[in-house]
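Novice: The following block contains a protein sequence and its predicted model.
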Amino acid sequence: MSTRQNSLPNISYSYDILINNYERRNISKDLTAYDTYNIINELLDRILIYNKSPMWVFNDGERKLRSNKAIELLTYKGEEMFFAENEALGIYAIGETIDEAIKDFNEQIIHCYFYYKKYNEDEFTMKAKKIKEFYEKNFIEINI
């Protein structure tokens, strides 16, 4: 079982963090209507950017791969950066924008594919062998 939840971010936890941040900035513990408005907007930003979507084609500008099964991409906005990840593949990408995070994710998928392709299976641990097998079984190189 995964240690990371595959559901929407915990809203009450996010709300508590935002409240604490605002309380530290204010001398008074009383939140103004403006503070509440900002807290709600920050929560909405975090919820609306959280997205799971399938990907089949990966391109780093020089090389291109196609997957024969959808690779789930989870994207979301953190405090200051955007994230794109697939926990099952162990790929966690970041960027200053959502597009940069997705680009980083693409580059990591392609890097891993070619990394595992160039080595013999005997050189890997059991977990790495399974990852190599996954890439070999599920990805096809496409000419650009």
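Specialist: Everything's here; your move.

Novice: For the spatially closest residue to residue 71 that is not a sequence neighbour, what is the enclosing helix or strand?
Specialist: The shortest distance from residue 71 to any non-neighbouring residue, by C-beta to C-beta, 6 or more residues apart in numbering, is to residue 55 (4.9 Å). Every C-beta, even on glycine, is put in place using the N, C-alpha and C of the backbone. Per DSSP states H and E, residue 55 falls inside strand 51-59.

Novice: List the neighbouring strands of the longest strand that the chain contains plus their orientation.
Specialist: Counting residues, the longest strand found in the chain (DSSP state E) is strand 64-77. Paired strands of strand 64-77, with direction, are strand 51-59 (antiparallel), strand 82-86 (antiparallel), strand 139-142 (antiparallel) (DSSP bridges).

Novice: Give me the below-cutoff pLDDT ranges for this protein.
Specialist: Scanning the chain for pLDDT under 70 picks out 1-31, 43-49.

Novice: domain ranges for it?
Specialist: As given by automatic domain parsing, the domain ranges for the chain are 11-48, 51-142.

Novice: Could you check how far the nearest residue to residue 106 once chain neighbours are set aside is from residue 32?
Specialist: Leaving aside its sequence neighbours, residue 106 sits nearest to residue 58 (C-beta to C-beta, 6+ apart; 4.7 Å). For residue 58, the distance to residue 32 (C-beta to C-beta, to the nearest Å) stands at 47 Å.

Novice: what do you get for residue 143?
Specialist: According to C-beta to C-beta, residue 143 stands 59 Å off from residue 32.

Novice: Equivalent analysis for residue 120, please.
Specialist: 64 Å.

Novice: Tell me which of residue 58 and residue 32 has more neighbours.
Specialist: residue 58 (21 against 11; other C-beta atoms under 10 Å).

Novice: what sits against that one?
Specialist: Contacts for residue 58 were tallied using C-beta atoms under 8 Å, 6 or more residues apart in numbering; they are 64-67, 71, 106, 109-110.
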